[in-house]
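> Following is a predicted model, sequence given first.
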Amino acid sequence: AGRWHALVLCAAVAVYCVQDAQSARKPCVGKTFQYGFSVCICNATYCDNMEPNTKLPKGQAAMYTTTVASGQRFEKTIVNITSKSSAPDWWYTWAINKSVTYQKIKGFGGAFTDAATMNIMSLSEGAQKNLISAYFSPTEGIEYTLGRVPMGSCDFSTRMYTYDDTPDDLELTKFALAEEDMKYKIPVIKSAMQMSERKINLFGSPWTAPAWMKTNNNDTGKGTLKGKAGDQYHKAWANYFVKFLDEYKKQGVDFWGLTAQNEPTDGDISHFPFQDMGWTAESQRDWISSDLGPALDTAGFGNISLMILDDQRLWLPGWATTVLNNGTAAKYVDGIAVHWYLDQWVPANVLSFTHDDLPDYFMLITEACQGFLPWEEKIMLGSWDRALGLLNDIYDNLVHWVAGWTDWNLALNMTGGPNWAHNEVDAPILVDSKKDEFYKQPMYYVMGHFSKFIPEGSVRVHTNGTYDDARWILAFSLPDGSMVAVVYSQFVDTPFQIYDPDVGFIPFQTNGQSILTFQWWP
(Lines give C-alpha, C1' and ligand atoms only; values in the text may rest on other atoms or scores of the structure.)
Protein backbone atom coordinates (compact mmCIF):
# COMPACT_ATOMS: atom_id res chain seq x y z
CA ALA A 1 0.00 0.00 0.00
CA GLY A 2 2.85 2.37 0.85
CA ARG A 3 4.49 1.82 -2.56
CA TRP A 4 1.17 2.44 -4.30
CA HIS A 5 0.66 5.76 -2.50
CA ALA A 6 4.20 6.79 -3.38
CA LEU A 7 3.53 6.04 -7.05
CA VAL A 8 0.32 8.10 -6.95
CA LEU A 9 2.15 11.03 -5.41
CA CYS A 10 4.96 10.77 -7.97
CA ALA A 11 2.42 10.70 -10.79
CA ALA A 12 0.71 13.79 -9.42
CA VAL A 13 4.04 15.60 -9.20
CA ALA A 14 4.83 14.61 -12.78
CA VAL A 15 1.48 15.92 -14.01
CA TYR A 16 2.01 19.16 -12.13
CA CYS A 17 5.50 19.65 -13.59
CA VAL A 18 4.31 19.48 -17.19
CA GLN A 19 1.43 21.92 -16.64
CA ASP A 20 1.61 25.47 -17.94
CA ALA A 21 4.35 27.27 -16.04
CA GLN A 22 1.94 30.02 -15.03
CA SER A 23 -0.41 27.60 -13.27
CA ALA A 24 0.31 27.06 -9.57
CA ARG A 25 -2.47 24.54 -9.08
CA LYS A 26 -1.54 21.21 -7.51
CA PRO A 27 -4.50 18.83 -7.20
CA CYS A 28 -5.46 16.76 -4.20
CA VAL A 29 -4.06 13.25 -4.05
CA GLY A 30 -6.87 11.39 -2.33
CA LYS A 31 -6.85 8.49 0.08
CA THR A 32 -10.07 6.80 1.22
CA PHE A 33 -10.52 5.53 4.76
CA GLN A 34 -13.20 3.42 6.45
CA TYR A 35 -15.99 5.97 6.27
CA GLY A 36 -15.92 6.10 2.47
CA PHE A 37 -14.69 9.66 2.27
CA SER A 38 -11.23 10.75 1.28
CA VAL A 39 -8.51 12.96 2.67
CA CYS A 40 -5.77 14.69 0.71
CA ILE A 41 -2.30 13.23 1.30
CA CYS A 42 0.70 15.52 1.71
CA ASN A 43 4.34 14.67 2.36
CA ALA A 44 7.79 16.25 2.10
CA THR A 45 7.66 16.71 -1.68
CA TYR A 46 4.00 17.27 -2.53
CA CYS A 47 0.88 18.93 -1.16
CA ASP A 48 -2.23 20.17 -2.95
CA ASN A 49 -3.00 23.86 -3.08
CA MET A 50 -5.36 26.28 -4.81
CA GLU A 51 -5.01 28.77 -7.62
CA PRO A 52 -4.31 32.24 -6.17
CA ASN A 53 -7.14 34.71 -5.71
CA THR A 54 -5.48 37.41 -7.80
CA LYS A 55 -7.44 40.45 -8.94
CA LEU A 56 -9.69 39.92 -11.94
CA PRO A 57 -10.95 42.49 -14.46
CA LYS A 58 -14.32 44.09 -13.83
CA GLY A 59 -17.00 41.83 -15.26
CA GLN A 60 -15.49 38.60 -13.95
CA ALA A 61 -15.75 36.70 -10.68
CA ALA A 62 -13.59 33.88 -9.34
CA MET A 63 -15.56 30.91 -8.04
CA TYR A 64 -13.83 28.35 -5.79
CA THR A 65 -15.76 25.11 -5.28
CA THR A 66 -15.46 22.26 -2.79
CA THR A 67 -17.94 19.39 -3.10
CA VAL A 68 -18.88 16.46 -0.90
CA ALA A 69 -19.52 13.78 -3.51
CA SER A 70 -17.32 14.62 -6.51
CA GLY A 71 -14.11 15.36 -4.63
CA GLN A 72 -13.53 18.94 -5.79
CA ARG A 73 -11.24 20.93 -3.51
CA PHE A 74 -10.99 24.69 -4.12
CA GLU A 75 -11.61 24.19 -7.86
CA LYS A 76 -11.37 27.63 -9.46
CA THR A 77 -13.69 28.76 -12.26
CA ILE A 78 -13.96 32.20 -13.84
CA VAL A 79 -17.58 33.34 -14.09
CA ASN A 80 -18.68 36.14 -16.39
CA ILE A 81 -20.83 38.78 -14.71
CA THR A 82 -23.85 39.90 -16.72
CA SER A 83 -25.42 43.35 -16.58
CA LYS A 84 -28.92 41.92 -16.88
CA SER A 85 -30.44 38.78 -15.47
CA SER A 86 -31.43 36.18 -18.02
CA ALA A 87 -32.60 33.81 -15.30
CA PRO A 88 -36.19 32.58 -15.08
CA ASP A 89 -38.17 33.41 -11.96
CA TRP A 90 -37.53 30.00 -10.41
CA TRP A 91 -33.78 30.63 -10.08
CA TYR A 92 -32.57 31.41 -6.57
CA THR A 93 -31.29 34.98 -6.42
CA TRP A 94 -29.38 36.57 -3.57
CA ALA A 95 -29.09 40.37 -3.70
CA ILE A 96 -26.27 42.16 -1.90
CA ASN A 97 -27.02 45.39 -0.04
CA LYS A 98 -23.73 47.09 0.83
CA SER A 99 -25.46 49.98 2.57
CA VAL A 100 -26.37 47.70 5.48
CA THR A 101 -23.24 46.58 7.33
CA TYR A 102 -22.59 44.40 10.35
CA GLN A 103 -19.40 43.38 12.18
CA LYS A 104 -15.78 43.91 11.18
CA ILE A 105 -13.92 40.62 10.84
CA LYS A 106 -10.89 39.73 13.00
CA GLY A 107 -10.01 36.57 11.09
CA PHE A 108 -9.88 32.78 11.21
CA GLY A 109 -7.27 30.40 12.59
CA GLY A 110 -6.27 27.62 14.96
CA ALA A 111 -4.20 26.85 18.05
CA PHE A 112 -0.45 26.35 18.48
CA THR A 113 -0.82 23.81 21.29
CA ASP A 114 2.00 21.62 22.55
CA ALA A 115 0.35 18.67 20.80
CA ALA A 116 -0.09 20.48 17.48
CA THR A 117 3.45 21.80 17.34
CA MET A 118 4.95 18.49 18.48
CA ASN A 119 3.11 16.73 15.69
CA ILE A 120 4.31 19.26 13.15
CA MET A 121 7.90 18.97 14.37
CA SER A 122 7.70 15.15 14.23
CA LEU A 123 7.74 15.37 10.42
CA SER A 124 10.76 15.77 8.16
CA GLU A 125 11.80 19.32 7.32
CA GLY A 126 10.05 19.23 3.95
CA ALA A 127 6.79 17.88 5.35
CA GLN A 128 6.90 20.40 8.22
CA LYS A 129 7.25 23.21 5.70
CA ASN A 130 4.35 21.90 3.64
CA LEU A 131 2.09 21.59 6.67
CA ILE A 132 2.82 25.09 7.97
CA SER A 133 2.46 26.42 4.41
CA ALA A 134 -0.94 24.73 4.14
CA TYR A 135 -2.21 27.01 6.88
CA PHE A 136 -0.23 30.22 6.44
CA SER A 137 1.32 30.58 2.98
CA PRO A 138 -0.21 33.10 0.52
CA THR A 139 0.61 30.84 -2.43
CA GLU A 140 0.18 27.35 -0.95
CA GLY A 141 -2.24 27.74 1.92
CA ILE A 142 -5.42 29.13 3.40
CA GLU A 143 -3.77 32.11 5.13
CA TYR A 144 -4.86 31.83 8.76
CA THR A 145 -4.61 35.13 10.65
CA LEU A 146 -5.50 34.01 14.19
CA GLY A 147 -3.36 31.82 16.44
CA ARG A 148 -4.20 30.76 19.99
CA VAL A 149 -1.28 29.91 22.28
CA PRO A 150 -1.79 28.14 25.62
CA MET A 151 0.11 29.89 28.44
CA GLY A 152 1.78 26.79 29.83
CA SER A 153 0.35 23.30 29.56
CA CYS A 154 -3.20 22.21 28.79
CA ASP A 155 -4.71 18.78 28.20
CA PHE A 156 -3.09 18.78 24.73
CA SER A 157 0.35 18.50 26.33
CA THR A 158 2.34 15.44 27.32
CA ARG A 159 2.66 16.57 30.94
CA MET A 160 1.33 19.13 33.40
CA TYR A 161 3.49 22.19 34.01
CA THR A 162 3.28 25.95 34.54
CA TYR A 163 5.97 28.58 34.08
CA ASP A 164 6.66 28.85 37.82
CA ASP A 165 6.13 25.70 39.85
CA THR A 166 8.35 26.91 42.70
CA PRO A 167 6.07 27.21 45.78
CA ASP A 168 5.41 30.69 47.17
CA ASP A 169 7.48 32.47 44.50
CA LEU A 170 5.20 35.50 44.57
CA GLU A 171 7.84 37.66 42.88
CA LEU A 172 8.03 35.11 40.05
CA THR A 173 11.82 35.01 40.19
CA LYS A 174 11.77 31.42 38.88
CA PHE A 175 9.40 32.16 36.00
CA ALA A 176 10.68 30.58 32.76
CA LEU A 177 9.26 29.37 29.49
CA ALA A 178 9.18 25.59 29.14
CA GLU A 179 10.97 23.23 26.78
CA GLU A 180 7.67 22.93 24.92
CA ASP A 181 7.73 26.66 24.14
CA MET A 182 11.36 26.78 23.07
CA LYS A 183 11.49 23.52 21.14
CA TYR A 184 8.02 23.34 19.60
CA LYS A 185 5.61 26.26 19.90
CA ILE A 186 7.94 29.19 19.21
CA PRO A 187 9.74 27.61 16.22
CA VAL A 188 6.42 26.72 14.55
CA ILE A 189 4.94 30.15 15.28
CA LYS A 190 8.00 31.88 13.83
CA SER A 191 7.91 29.69 10.72
CA ALA A 192 4.27 30.63 10.23
CA MET A 193 5.06 34.32 10.69
CA GLN A 194 7.85 34.13 8.14
CA MET A 195 5.62 32.42 5.56
CA SER A 196 2.59 34.64 5.96
CA GLU A 197 2.05 37.90 4.11
CA ARG A 198 -0.76 38.73 6.51
CA LYS A 199 -0.34 39.64 10.15
CA ILE A 200 -0.98 36.63 12.40
CA ASN A 201 -2.82 37.85 15.49
CA LEU A 202 -1.66 35.64 18.35
CA PHE A 203 -3.56 35.46 21.62
CA GLY A 204 -2.57 33.67 24.81
CA SER A 205 -4.88 31.70 27.10
CA PRO A 206 -4.07 30.23 30.53
CA TRP A 207 -5.52 26.95 31.76
CA THR A 208 -4.26 27.14 35.32
CA ALA A 209 -2.14 29.18 37.70
CA PRO A 210 0.67 27.31 39.48
CA ALA A 211 -0.85 24.93 42.03
CA TRP A 212 0.65 26.86 44.95
CA MET A 213 -1.43 29.90 43.99
CA LYS A 214 -4.69 27.92 44.10
CA THR A 215 -7.14 26.98 46.84
CA ASN A 216 -6.90 23.26 46.06
CA ASN A 217 -3.11 23.24 45.57
CA ASN A 218 -3.61 21.36 42.31
CA ASP A 219 -3.48 22.09 38.57
CA THR A 220 -6.75 20.16 38.08
CA GLY A 221 -10.03 19.74 39.94
CA LYS A 222 -12.21 22.26 41.71
CA GLY A 223 -10.23 25.31 42.74
CA THR A 224 -9.79 29.05 42.38
CA LEU A 225 -7.01 31.55 42.92
CA LYS A 226 -6.29 32.04 46.64
CA GLY A 227 -7.52 35.19 48.32
CA LYS A 228 -9.37 37.99 46.59
CA ALA A 229 -8.78 40.71 44.01
CA GLY A 230 -6.00 43.09 44.98
CA ASP A 231 -4.11 40.65 47.21
CA GLN A 232 -0.65 39.15 46.70
CA TYR A 233 -1.88 36.10 44.78
CA HIS A 234 -4.04 38.08 42.39
CA LYS A 235 -1.21 40.51 41.72
CA ALA A 236 1.27 37.69 41.20
CA TRP A 237 -1.12 36.03 38.73
CA ALA A 238 -1.49 39.31 36.83
CA ASN A 239 2.29 39.68 36.70
CA TYR A 240 2.50 36.11 35.38
CA PHE A 241 0.70 37.37 32.25
CA VAL A 242 3.20 40.21 31.89
CA LYS A 243 6.11 37.78 32.27
CA PHE A 244 4.62 35.55 29.59
CA LEU A 245 4.35 38.43 27.13
CA ASP A 246 7.86 39.63 27.98
CA GLU A 247 9.47 36.22 27.53
CA TYR A 248 7.79 35.59 24.19
CA LYS A 249 8.76 39.09 23.07
CA LYS A 250 12.41 38.24 23.82
CA GLN A 251 12.02 35.34 21.38
CA GLY A 252 10.70 37.65 18.64
CA VAL A 253 7.03 36.79 19.11
CA ASP A 254 4.51 39.55 19.90
CA PHE A 255 0.91 39.00 20.93
CA TRP A 256 -2.25 40.73 19.76
CA GLY A 257 -4.49 39.46 22.53
CA LEU A 258 -5.12 37.51 25.71
CA THR A 259 -8.06 35.71 27.24
CA ALA A 260 -8.37 36.07 30.99
CA GLN A 261 -8.92 32.34 31.58
CA ASN A 262 -9.74 29.27 29.54
CA GLU A 263 -13.22 28.00 30.49
CA PRO A 264 -13.42 29.58 33.94
CA THR A 265 -16.50 27.54 34.85
CA ASP A 266 -14.47 24.30 34.65
CA GLY A 267 -12.80 25.20 37.92
CA ASP A 268 -16.11 24.90 39.73
CA ILE A 269 -16.44 21.21 38.79
CA SER A 270 -15.26 18.67 41.36
CA HIS A 271 -12.58 16.31 40.05
CA PHE A 272 -12.31 18.18 36.74
CA PRO A 273 -9.83 15.98 34.83
CA PHE A 274 -7.35 18.44 33.33
CA GLN A 275 -5.86 21.89 33.94
CA ASP A 276 -8.39 24.50 35.01
CA MET A 277 -9.06 27.36 37.39
CA GLY A 278 -12.42 28.69 38.52
CA TRP A 279 -13.75 32.21 38.23
CA THR A 280 -17.16 33.78 38.44
CA ALA A 281 -18.06 36.77 36.32
CA GLU A 282 -17.79 38.89 39.46
CA SER A 283 -14.35 37.62 40.48
CA GLN A 284 -13.06 37.98 36.91
CA ARG A 285 -14.39 41.54 36.80
CA ASP A 286 -12.74 42.47 40.09
CA TRP A 287 -9.37 40.90 39.19
CA ILE A 288 -9.26 42.66 35.82
CA SER A 289 -10.15 45.97 37.47
CA SER A 290 -7.67 45.86 40.30
CA ASP A 291 -4.83 43.66 39.03
CA LEU A 292 -4.63 42.44 35.44
CA GLY A 293 -5.64 45.62 33.64
CA PRO A 294 -3.28 47.90 35.62
CA ALA A 295 -0.41 45.36 35.39
CA LEU A 296 -0.69 45.21 31.58
CA ASP A 297 -0.88 49.00 31.34
CA THR A 298 2.11 49.55 33.62
CA ALA A 299 4.22 47.04 31.68
CA GLY A 300 3.50 48.68 28.33
CA PHE A 301 0.96 46.10 27.16
CA GLY A 302 -2.08 48.36 27.31
CA ASN A 303 -2.60 47.79 23.59
CA ILE A 304 -3.25 44.05 24.11
CA SER A 305 -6.80 43.01 23.18
CA LEU A 306 -8.06 41.46 26.42
CA MET A 307 -11.00 39.08 26.12
CA ILE A 308 -13.28 37.83 28.88
CA LEU A 309 -15.29 34.60 29.29
CA ASP A 310 -13.47 32.17 26.89
CA ASP A 311 -16.22 29.68 27.67
CA GLN A 312 -19.57 28.48 26.32
CA ARG A 313 -22.22 30.86 25.01
CA LEU A 314 -24.53 29.40 27.66
CA TRP A 315 -23.10 32.14 29.91
CA LEU A 316 -24.10 35.00 27.60
CA PRO A 317 -25.11 37.73 27.84
CA GLY A 318 -25.00 37.60 31.65
CA TRP A 319 -21.27 37.04 32.10
CA ALA A 320 -20.37 39.84 29.70
CA THR A 321 -22.77 42.38 31.16
CA THR A 322 -21.60 41.62 34.71
CA VAL A 323 -17.99 42.35 33.76
CA LEU A 324 -18.47 45.15 31.27
CA ASN A 325 -21.09 47.17 33.11
CA ASN A 326 -18.28 47.95 35.52
CA GLY A 327 -16.55 51.02 34.10
CA THR A 328 -13.10 50.18 35.49
CA ALA A 329 -13.05 46.65 34.13
CA ALA A 330 -14.62 47.73 30.84
CA LYS A 331 -11.79 50.12 29.99
CA TYR A 332 -9.31 47.23 29.95
CA VAL A 333 -11.44 44.81 27.88
CA ASP A 334 -11.86 44.70 24.10
CA GLY A 335 -13.74 41.49 23.40
CA ILE A 336 -15.69 38.44 24.48
CA ALA A 337 -14.22 35.00 23.74
CA VAL A 338 -16.65 32.13 23.16
CA HIS A 339 -16.29 28.34 22.80
CA TRP A 340 -18.53 26.21 20.61
CA TYR A 341 -19.10 23.06 22.70
CA LEU A 342 -22.72 23.76 23.65
CA ASP A 343 -23.71 25.46 20.39
CA GLN A 344 -26.07 22.66 19.35
CA TRP A 345 -28.06 23.16 22.56
CA VAL A 346 -27.83 26.93 23.11
CA PRO A 347 -29.36 29.11 20.36
CA ALA A 348 -27.08 31.55 18.55
CA ASN A 349 -29.38 34.49 19.21
CA VAL A 350 -27.75 34.89 22.65
CA LEU A 351 -24.82 36.30 20.66
CA SER A 352 -27.04 38.93 19.08
CA PHE A 353 -28.48 39.78 22.50
CA THR A 354 -24.92 40.24 23.75
CA HIS A 355 -24.05 42.49 20.81
CA ASP A 356 -27.20 44.54 21.38
CA ASP A 357 -26.27 45.03 25.03
CA LEU A 358 -22.55 45.64 24.38
CA PRO A 359 -22.08 46.84 20.77
CA ASP A 360 -18.59 48.26 21.40
CA TYR A 361 -17.03 44.84 22.17
CA PHE A 362 -16.21 42.20 19.57
CA MET A 363 -17.09 38.54 20.02
CA LEU A 364 -14.66 35.85 18.83
CA ILE A 365 -14.88 32.06 18.71
CA THR A 366 -11.66 30.96 20.39
CA GLU A 367 -12.02 27.15 20.48
CA ALA A 368 -13.89 24.49 18.51
CA CYS A 369 -13.27 20.91 17.49
CA GLN A 370 -15.08 17.76 16.47
CA GLY A 371 -15.01 14.40 18.27
CA PHE A 372 -15.26 15.96 21.73
CA LEU A 373 -18.38 14.18 22.98
CA PRO A 374 -17.65 11.09 25.14
CA TRP A 375 -19.73 8.76 22.96
CA GLU A 376 -18.19 9.92 19.66
CA GLU A 377 -15.30 8.37 17.81
CA LYS A 378 -12.33 10.65 18.31
CA ILE A 379 -11.06 10.45 14.72
CA MET A 380 -13.24 10.05 11.63
CA LEU A 381 -10.86 10.42 8.71
CA GLY A 382 -12.44 12.19 5.76
CA SER A 383 -15.77 12.82 7.52
CA TRP A 384 -17.96 15.31 5.70
CA ASP A 385 -20.50 15.38 8.53
CA ARG A 386 -17.83 16.88 10.76
CA ALA A 387 -16.81 19.40 8.10
CA LEU A 388 -20.40 20.50 7.56
CA GLY A 389 -20.84 20.79 11.32
CA LEU A 390 -18.01 23.33 11.38
CA LEU A 391 -19.36 25.09 8.29
CA ASN A 392 -22.83 25.63 9.70
CA ASP A 393 -21.48 26.71 13.07
CA ILE A 394 -19.28 29.33 11.43
CA TYR A 395 -22.32 30.56 9.51
CA ASP A 396 -24.51 30.72 12.63
CA ASN A 397 -21.87 32.67 14.50
CA LEU A 398 -21.11 35.13 11.71
CA VAL A 399 -24.78 36.00 11.19
CA HIS A 400 -24.98 36.77 14.92
CA TRP A 401 -22.19 39.34 15.05
CA VAL A 402 -19.18 37.12 15.82
CA ALA A 403 -15.99 38.62 14.35
CA GLY A 404 -13.98 35.45 13.70
CA TRP A 405 -13.58 31.76 14.33
CA THR A 406 -10.61 29.92 15.84
CA ASP A 407 -10.34 26.17 15.46
CA TRP A 408 -8.58 24.10 18.14
CA ASN A 409 -5.37 22.11 17.42
CA LEU A 410 -3.71 22.88 14.07
CA ALA A 411 -2.61 19.25 13.77
CA LEU A 412 -3.04 16.05 15.78
CA ASN A 413 -1.69 12.53 15.44
CA MET A 414 -3.65 9.57 14.13
CA THR A 415 -5.32 8.93 17.50
CA GLY A 416 -6.20 12.59 18.16
CA GLY A 417 -3.36 13.43 20.50
CA PRO A 418 -1.03 13.56 22.25
CA ASN A 419 -3.22 14.42 25.22
CA TRP A 420 -2.00 13.52 28.70
CA ALA A 421 -5.60 13.44 30.03
CA HIS A 422 -6.80 11.08 27.26
CA ASN A 423 -9.16 13.77 25.98
CA GLU A 424 -8.33 13.16 22.30
CA VAL A 425 -10.36 14.86 19.54
CA ASP A 426 -10.34 15.36 15.76
CA ALA A 427 -8.52 18.07 13.78
CA PRO A 428 -8.48 19.50 10.23
CA ILE A 429 -4.99 18.04 9.67
CA LEU A 430 -3.79 14.69 11.04
CA VAL A 431 -0.13 13.67 11.10
CA ASP A 432 1.25 10.18 10.50
CA SER A 433 4.87 10.71 11.46
CA LYS A 434 5.82 7.07 10.77
CA LYS A 435 4.99 7.59 7.10
CA ASP A 436 6.16 11.23 7.11
CA GLU A 437 2.72 12.18 5.79
CA PHE A 438 -0.13 14.37 6.86
CA TYR A 439 -3.77 14.28 5.85
CA LYS A 440 -5.94 17.30 5.06
CA GLN A 441 -9.49 16.49 6.07
CA PRO A 442 -12.67 18.12 4.70
CA MET A 443 -12.68 20.37 7.79
CA TYR A 444 -9.49 21.99 6.49
CA TYR A 445 -11.16 22.96 3.22
CA VAL A 446 -14.21 24.35 5.00
CA MET A 447 -11.95 26.60 7.06
CA GLY A 448 -10.14 27.72 3.91
CA HIS A 449 -13.33 28.89 2.21
CA PHE A 450 -13.44 31.59 4.90
CA SER A 451 -9.85 32.21 6.01
CA LYS A 452 -8.30 32.54 2.54
CA PHE A 453 -10.80 35.06 1.27
CA ILE A 454 -11.98 37.09 4.28
CA PRO A 455 -8.98 38.86 5.83
CA GLU A 456 -8.94 41.02 8.92
CA GLY A 457 -10.77 44.27 8.36
CA SER A 458 -13.45 42.83 6.07
CA VAL A 459 -17.02 43.85 6.88
CA ARG A 460 -20.09 41.63 6.62
CA VAL A 461 -22.85 43.18 4.50
CA HIS A 462 -26.53 42.42 4.14
CA THR A 463 -28.01 40.02 1.59
CA ASN A 464 -31.61 39.40 0.58
CA GLY A 465 -32.89 36.03 -0.61
CA THR A 466 -33.86 32.53 0.49
CA TYR A 467 -32.13 31.04 3.53
CA ASP A 468 -32.63 27.68 5.21
CA ASP A 469 -30.62 24.65 6.27
CA ALA A 470 -30.22 23.66 2.61
CA ARG A 471 -28.86 26.95 1.22
CA TRP A 472 -27.36 30.16 2.52
CA ILE A 473 -24.98 33.00 1.65
CA LEU A 474 -22.69 35.36 3.55
CA ALA A 475 -21.24 38.45 1.87
CA PHE A 476 -18.32 40.68 2.81
CA SER A 477 -16.75 43.93 1.68
CA LEU A 478 -12.94 43.63 1.80
CA PRO A 479 -10.32 46.29 2.59
CA ASP A 480 -8.98 46.12 -0.99
CA GLY A 481 -12.39 47.07 -2.39
CA SER A 482 -13.34 43.59 -3.60
CA MET A 483 -16.41 41.61 -2.58
CA VAL A 484 -16.53 38.04 -1.29
CA ALA A 485 -19.52 35.74 -0.91
CA VAL A 486 -19.49 32.30 0.73
CA VAL A 487 -22.34 30.04 -0.39
CA TYR A 488 -23.58 26.65 0.82
CA SER A 489 -26.04 24.52 -1.13
CA GLN A 490 -27.29 20.95 -0.82
CA PHE A 491 -28.92 20.93 -4.25
CA VAL A 492 -27.91 19.05 -7.41
CA ASP A 493 -27.88 20.90 -10.74
CA THR A 494 -29.63 23.89 -9.22
CA PRO A 495 -29.09 27.37 -10.71
CA PHE A 496 -28.42 30.38 -8.51
CA GLN A 497 -27.31 33.94 -9.05
CA ILE A 498 -25.77 36.64 -6.90
CA TYR A 499 -26.82 40.22 -7.65
CA ASP A 500 -24.42 43.05 -6.82
CA PRO A 501 -25.98 46.35 -7.99
CA ASP A 502 -22.50 47.74 -8.69
CA VAL A 503 -21.53 45.04 -11.18
CA GLY A 504 -24.53 42.91 -12.15
CA PHE A 505 -25.47 39.24 -11.91
CA ILE A 506 -23.14 36.30 -11.14
CA PRO A 507 -24.82 33.09 -12.36
CA PHE A 508 -23.73 29.65 -11.17
CA GLN A 509 -24.94 26.10 -10.61
CA THR A 510 -24.22 23.75 -7.71
CA ASN A 511 -23.28 20.11 -8.05
CA GLY A 512 -24.74 18.47 -4.96
CA GLN A 513 -23.61 19.47 -1.49
CA SER A 514 -21.16 22.29 -2.19
CA ILE A 515 -19.28 25.10 -0.52
CA LEU A 516 -18.44 27.95 -2.89
CA THR A 517 -16.51 31.16 -2.37
CA PHE A 518 -16.81 34.00 -4.90
CA GLN A 519 -14.59 37.04 -5.21
CA TRP A 520 -15.01 39.96 -7.58
CA TRP A 521 -13.78 43.52 -7.94
CA PRO A 522 -16.36 46.26 -8.70
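Done, it's in. Numbers count the residues shown, from 1 in each chain.

> okay, now the residue nearest to Ala69 when sequence neighbours are not counted: neighbour count?
Spatial nearest neighbour of Ala69, chain neighbours left out: Gly512 (4.8 Å); criterion: C-beta to C-beta, 6 or more residues apart in numbering. C-betas here are computed from N, CA, C, even on glycine. By other C-beta atoms under 10 Å, 15 other residues sit near Gly512.

> I'd like to know how far Gly512 sits from Asp493.
In this view, Gly512 and Asp493 are 9 Å apart by C-beta to C-beta, to the nearest Å.

> repeat for Ser99
Distance from Ser99 to Asp493, counting by C-beta to C-beta: 34 Å.

> so Ile120 sits in a helix?
Yes. Counting by DSSP: H, G, I helix; E, B strand; the rest coil, Ile120 is found in a helix.

> pretty sure Thr158 contacts Met118?
Yes. Contact status for Thr158 versus Met118: in contact at 7.4 Å, counting by C-beta atoms under 8 Å.

> Pull the contacting residues for Thr173.
Shown in contact with Thr173 (C-beta atoms under 8 Å, 6 or more residues apart in numbering): no residues.

> right, I mislabeled it, should have said Lys190
Per C-beta under 8 Å, 6+ apart, neighbours of Lys190: 251-253.

> what about it, helix or strand, and which?
Assigned by DSSP states H and E, Lys190 falls within helix 186-195.

> Got phi/psi on the closest residue to Gly417 other than its chain neighbours?
Counting by C-beta to C-beta, 6+ apart, Gly417 lies nearest to Glu424, which is 4.8 Å off, once chain neighbours are set aside. Main-chain torsions, Glu424, degrees, to the nearest 10: phi -60, psi 150.

> what about Glu424, neighbour count?
The burial count for Glu424: 20, using other C-beta under 10 Å.

> Low-confidence ranges, the stretch 251-400 of the chain, go.
Applying pLDDT under 70 to the stretch 251-400 of the chain flags no residue at all.

> quick one, strands of it?
257-259, 305-312, 335-339, 362-367 (DSSP state E, counting those that start in this stretch).

> What pairs with the longest one, parallel or antiparallel?
Strand pairing for strand 305-312, determined by DSSP bridges: strand 257-259 (parallel), strand 335-339 (parallel).

> Look up how far Lys76 lies from Thr54.
Taken as C-beta to C-beta, the span from Thr54 to Lys76 is 10 Å.

> What strand or helix carries Gly481?
Gly481 belongs to no helix or strand, assigned by DSSP H and E.

> And it, what's its pLDDT?
Note for Gly481: predicted pLDDT of 97.

> isn't it right up against Gln519?
No. In this structure, Gly481 is not within contact of Gln519 by C-beta under 8 Å, at 11.2 Å.

> Pick out whichever of the two has more residues nearby.
Gln519 (22 against 9).

> Can you name every helix or strand that the helix or strand hosting the more buried one contacts?
Element membership of Gln519, judged by DSSP H and E, is strand 514-520. Applying 3 or more C-beta pairs under 8 Å, 6 or more residues apart in numbering; DSSP states H and E, one finds that strand 514-520 contacts strand 60-67, helix 442-451, strand 483-489, strand 504-511.

> Report the strands that pair with that strand, each with its relative direction.
strand 60-67 (antiparallel), strand 483-489 (antiparallel).

> what does the last one contact?
Just to be clear, that refers to strand 483-489. 94, 96, 391-392, 395, 449-450, 453-454, 458, 463, 470-478, 496, 498, 500, 510, 513-522.

> Could you tell me the angle between it and helix 442-451?
When axes from the mean of the first three to the mean of the last three C-alpha atoms, to 10 degrees is applied, the directions of strand 483-489 and helix 442-451 differ by 150 degrees.

> so after strand 483-489, what's the next helix or strand?
Sequence order places strand 492-500 as the next helix or strand after strand 483-489, per DSSP H and E.

> how about that following strand: buried residues?
494, 496-500 (16 or more other C-beta atoms under 10 Å).

> same thing with stretch 104-114?
Buried residues in stretch 104-114 (16+ other C-beta under 10 Å): 105-114.

> do the same with stretch 38-52
Buried, per 16+ other C-beta under 10 Å, within stretch 38-52: 38-43, 46-51.

> And stretch 133-153, by the same measure?
Under the neighbour-count criterion of 16+ other C-beta under 10 Å, stretch 133-153 has 133-137, 140-153 buried.

> So which of these belong to strands?
146-150 (DSSP state E).

> Would you format these as TSV with pLDDT and distance to Gln370 included?
Shown next, in TSV, are these (pLDDT from 0 to 100; distance: C-beta to C-beta, whole Å):
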residue	pLDDT	distance to Gln370
Leu146	98	19
Gly147	98	20
Arg148	99	17
Val149	99	22
Pro150	98	20
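
> Quick check: the gap between Gln275 and Thr65.
Taking C-beta to C-beta, one finds Gln275 at 42 Å from Thr65.

> and these two? which has more neighbours close in?
Gln275 (28 against 21).

> Count the residues that sit near the closest residue to the more buried one other than its chain neighbours.
Excluding the flanking residues, the one nearest Gln275 by C-beta to C-beta, 6+ apart is Trp207, at 3.7 Å. Applying other C-beta under 10 Å, we find 25 other residues in the vicinity of Trp207.

> Surely Trp207 is in contact with Gly278?
No. With contact defined as C-beta under 8 Å, Trp207 does not count as touching Gly278 (11.9 Å).

> May I see the buried residues of stretch 511-522?
Quick answer for stretch 511-522 (16+ other C-beta under 10 Å): 511, 513-521.
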